[in-house]
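> need a structure here:
(4 chains)
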There are 2 protein chains.
Amino acid sequence: MRIGDLAAQAGVSVRSVRYYEEQGLLTSVRSPSGQRLYGTAEVERVRFLQRLYTAGLSSRTIAELLPCVDTPSLEHSDAALERLSQERDRLSSHINDLISTRDSLDALIELARRARAGQSSGSSSATHSTC
Amino acid sequence: MRIGDLAAQAGVSVRSVRYYEEQGLLTSVRSPSGQRLYGTAEVERVRFLQRLYTAGLSSRTIAELLPCVDTPSLEHSDAALERLSQERDRLSSHINDLISTRDSLDALIELARRARAGQSSGSSSATHSTC
DNA sequence: GGGTAACCTGACACTGACGTCAGAGGCAAG
DNA sequence: CTTGCCTCTGACGTCAGTGTCAGGTTACCC
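Numbers count the residues shown, from 1 in each chain, chains lettered A, B, ... in the order given. Purely as a prediction, here's the structure:
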């Protein structure tokens, strides 16, 4: 499987795949002519990388975690576990932040709904709003 | 209250406060000499802005929402509500993404724990790990 | 063999929320 | 009046993940 196929199946750009490899997050076998070749497992790998990115992890952090994920041996496991847990907790508290922000938005929406319901001076169709 | 106090109380940098004003997210009264002056209410405002930023909203998006938040009048409310709800939903689905990513991390952690428990060849203290 | 689509490396551009520095002015205290 | 800290504007730097372009090679189909 070549880079274009991998990118398409994982739903990312070719550029991104090269970048992941550049950052040491993804490995490829090279064809005699130098083209990158991947197995089907790499599709999941790339999807997983994407999820870590959207979770706010940086390339460097991911790079630190991945060797431990790939080979969960005794060599790695102790510090790896700590690192993983640490990132998990960071993510968890971030999730809580977002939830409370969502609550704020909900409150605002509710407020706006009431403002519209209560003080209805004109008709119910508010036109040409710039918001 | 001058900009330094506001920044300190809201827990952001002076630079950020100026940036928020530049983006139209915050207004200030100017002293005769041109210095920015704020009321105590602005502290909460800045904190709220921070929350929206960490929720992944851009300055532009926030700028579009704020006028509606500030004056929840009939003029704004219709499109404002839609915009707010839209961002709320985006945030909500993002939260779900993060939660599922957290689940993945949990699974990895569990996996690593089992790997350590099962195949314990050496002693239980894994030293000098580079992870 | 020729055309076209995909691939390679390398490098620069961009976006967004700031950091940071320069040069100038404001303001309370000694 | 001076010292020291805060503030002003304006501009450039940063970081990270990608887009994009240039110039060249490779793979596949007719």
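
> Could you list the alpha-carbon positions for stretch A:82-91 in PDB?
Listed next in PDB are the C-alpha coordinates belonging to stretch A:82-91 (Å, rounded to 0.1, in the frame of the first residue of the first chain):
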ATOM      1  CA  GLU A  82       3.300   7.300  34.500                       C
ATOM      2  CA  ARG A  83       3.600   9.300  31.300                       C
ATOM      3  CA  LEU A  84       0.400   7.800  29.900                       C
ATOM      4  CA  SER A  85      -1.500   8.300  33.100                       C
ATOM      5  CA  GLN A  86      -0.300  11.900  33.200                       C
ATOM      6  CA  GLU A  87      -1.500  12.600  29.800                       C
ATOM      7  CA  ARG A  88      -4.800  10.800  30.500                       C
ATOM      8  CA  ASP A  89      -5.300  13.100  33.500                       C
ATOM      9  CA  ARG A  90      -4.400  16.200  31.600                       C
ATOM     10  CA  LEU A  91      -7.000  15.200  29.000                       C
END
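
> could you check whether it is close to DNA strand D?
No: using Cβ under 7 Å from any atom of the strand, stretch A:82-91 stays clear of DNA strand D, coming no nearer than 13.2 Å. Backbone N, C-alpha and C define where each C-beta goes, glycine included.

> So for A:Ser13, what pLDDT did the model give?
Looking at A:Ser13, its pLDDT is 94.

> Hmm, it is touching A:Gly4, no?
No: in this structure, A:Ser13 is not within contact of A:Gly4 by Cβ atoms under 8 Å, at 10.1 Å.

> The residue positioned nearest the centre of chain A and A:Gly34: what is the separation?
For chain A, the residue nearest the mean C-alpha position is A:Thr54 (1.8 Å; Cα atoms, centre = their mean). When distances are taken as Cβ to Cβ, to the nearest Å, A:Thr54 and A:Gly34 turn out to be 31 Å apart.

> is DNA strand C contacted by the lengthiest helix in chain A?
The helix of greatest length in chain A, counted in residues with DSSP state H as the criterion, is given as helix A:74-118. No: judged by Cβ under 7 Å from any atom of the strand, helix A:74-118 and DNA strand C are separated, with a smallest distance of 14.5 Å.
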